[in-house]
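K.L.:
what shape does this take:
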Amino acid sequence: MLLNFFDVDTATGERSVELQVGDYPQLGLQSDLLVVSAFRGHYAPVPRTLLGRLHEAYGLRLSELDVALDLRSSPLKAWVSAPLDLGDQAPPSRFKRIAVVEGAIEWQEGDLVPWPPFNRLFSLLALLPMRGIACAAVASPLLGSGNQGIDALSHVPELLEAYREAFRHLPDLERLILFDKTDRHLSVLGEAIDSTLARVDAQDLRIPLPTGLPGLERLNGLLRDRVDPRQEHSSALAHDLGELLEILRAEQIAPIALGIHARRVVEQLVLHSLRDVPHQGRLNLYGGIRQLRKRGANRWLISCLDQVREFGNWMGHPQAAGQQRQVQLYDVLAVLSSLQRVLEEYPWTV
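P.N.:
Coordinates of the predicted model:
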């Protein structure tokens, strides 16, 4: 379950940090790198730990993995596995490699943030492109807050700023996913995100949907029918479509979850539609919509795409002083209506 998220604008484009709550293998997260923390040499898959769940769900043992990058003798005290083959029957959450951050947890002078495992993780991510290891999406628990005993609540403000700095210095990193089994620690981090973004509405806001809402059943059908298994983007798209279906099955809607998943669905459809269009650099949703406009896409469709994008931005960007506003039912209905029009006409004629 998506608890919270925020966007970071960088010179190389928009990036996001998101908080996910639940059993990791079943969260449906797609990442290039899964990060775990451990004491050196203590890799036993202990039940009720992340290492235990990786063994139960994927049959993985850290001690049996091939090492592609070994930095355990350096101050980073970390290593990265070779590419993994999880098999077709693996749980919904997928990852291409595992990174292990291990060793002492004491803070040292000069650390980016007084939370050493994260400090080392960000430094490790900066090295990976030089080794030919691509990591656009990284999934990580709150490193060190389990058996290693770091106080997960005492460094929240510094950690948020560390995330921002990490994105600014890691141009290849697009998505950082923080997950935990419960919202005990993540809710505190989420409250700090709400405060940083000057959100009027808290992360736990839920807006009741009217019963018998016209078009809602049709929208559910469109969400179920839009995944083509032959498309390269189907795995990531299927996850966000599935999340939207879960959101709409509930009697109450979480605007934050609706904003990020609707925006991602639209972004994947837009970029897939423009996969044969030459462009410089990474094409984002804003640029993709502009490209569709230039190619003669219907103006009403463009306005609907923009509305879904802007709602996602509203949920994820800091609010300017004096411009904060509460999300109302009609805002949610407007986004759902725009999303329905976008899906109704896909694939678009351009």
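K.L.:
now find how far off-centre whichever strand or helix holds Q307 is within its chain.
P.N.:
Secondary-structure assignment from DSSP states H and E places Q307 in helix 299-316. Per C-alpha atoms, centre = their mean, to the nearest Å, the displacement of helix 299-316 from the mean C-alpha position of its chain is 19 Å.
K.L.:
CA atoms of that helix as CSV?
P.N.:
Below are the C-alpha coordinates for helix 299-316, written out as CSV (Å, rounded to 0.1, in the frame of the first residue of the first chain):
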residue,chain,number,x,y,z
ARG,A,299,-7.1,18.8,-27.8
TRP,A,300,-9.7,17.4,-25.4
LEU,A,301,-7.5,14.3,-24.9
ILE,A,302,-4.5,16.6,-24.3
SER,A,303,-6.5,18.5,-21.6
CYS,A,304,-7.4,15.2,-19.9
LEU,A,305,-3.8,14.1,-19.9
ASP,A,306,-2.7,17.4,-18.4
GLN,A,307,-5.4,17.2,-15.7
VAL,A,308,-4.2,13.8,-14.5
ARG,A,309,-0.5,15.0,-14.6
GLU,A,310,-1.4,18.2,-12.7
PHE,A,311,-3.3,16.3,-10.0
GLY,A,312,-0.3,14.0,-9.5
ASN,A,313,2.0,17.1,-9.3
TRP,A,314,-0.4,18.7,-6.8
MET,A,315,0.0,15.6,-4.6
GLY,A,316,3.8,15.3,-4.9
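K.L.:
any residues touching it, and which ones?
P.N.:
Contacts to helix 299-316, defined as C-beta atoms under 8 Å, 6 or more residues apart in numbering, come from residues 5-7, 16, 197, 255-256, 258-260, 262-264, 266-267, 270, 285-286, 289, 292-293, 331, 334-335, 337-339, 341-342, 345, 348. To be clear about C-beta, it is placed using only N, CA and C from the backbone, and glycine gets the same treatment.
K.L.:
among these, name the ones in strands.
P.N.:
Taking DSSP state E as the definition of strands, these contribute F5, F6, D7, S16.
K.L.:
which of the residues you listed lies closest to S31?
P.N.:
Compare each of the ones in strands among the contacts of helix 299-316 with S31 using C-beta to C-beta and the shortest gap goes to S16, at 12.8 Å.
K.L.:
could I get the ones in strands among the contacts of helix 299-316 as CSV with distance to E310 and pLDDT?
P.N.:
Listed next are those as CSV, based on distance: C-beta to C-beta, whole Å; pLDDT from 0 to 100:
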residue, distance to E310, pLDDT
F5, 16, 89
F6, 16, 88
D7, 12, 88
S16, 16, 90
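K.L.:
which strands and helices sit next to the least confident helix or strand in the chain by mean pLDDT?
P.N.:
The element with the least model confidence among the helices and strands of the chain, by mean pLDDT, DSSP states H and E, is helix 156-169, at a mean of 73. Where contact means 3 or more C-beta pairs under 8 Å, 6 or more residues apart in numbering; DSSP states H and E, helix 156-169 is packed against strand 2-10, helix 116-127, strand 175-180, helix 186-196.
K.L.:
least confident of the ones you listed, on average?
P.N.:
Set side by side, these differ in mean pLDDT, and helix 116-127 is lowest with a mean of 79.
K.L.:
that helix vs helix 156-169, what angle?
P.N.:
Between helix 116-127 and helix 156-169, the angle formed by their directions is 10 degrees, by axes from the mean of the first three to the mean of the last three C-alpha atoms, to 10 degrees.
K.L.:
what about this protein, any weak spots by pLDDT?
P.N.:
For the chain, the stretches with pLDDT under 70 are 10-13, 103-117, 144-159, 227-234, 279-281, 350.
K.L.:
ok, 50 please
P.N.:
Low-confidence regions of the chain, defined by pLDDT under 50, span residues 105, 107, 111-115, 147-150, 152, 232.
K.L.:
tilt between the helix holding Q307 and helix 186-196?
P.N.:
Using the same axes, to 10 degrees: helix 299-316 against helix 186-196 is 110 degrees.
K.L.:
need the helices for this structure, in chain order.
P.N.:
Under the criterion DSSP state H, the chain carries helices at the ranges 50-58, 116-127, 156-169, 186-196, 216-225, 234-249, 255-273, 285-294, 299-316, 329-344.
K.L.:
so the least confident helix or strand of the chain versus strand 2-10, what angle?
P.N.:
Relative orientation of helix 156-169 versus strand 2-10 (the same axes, to 10 degrees): 50 degrees.
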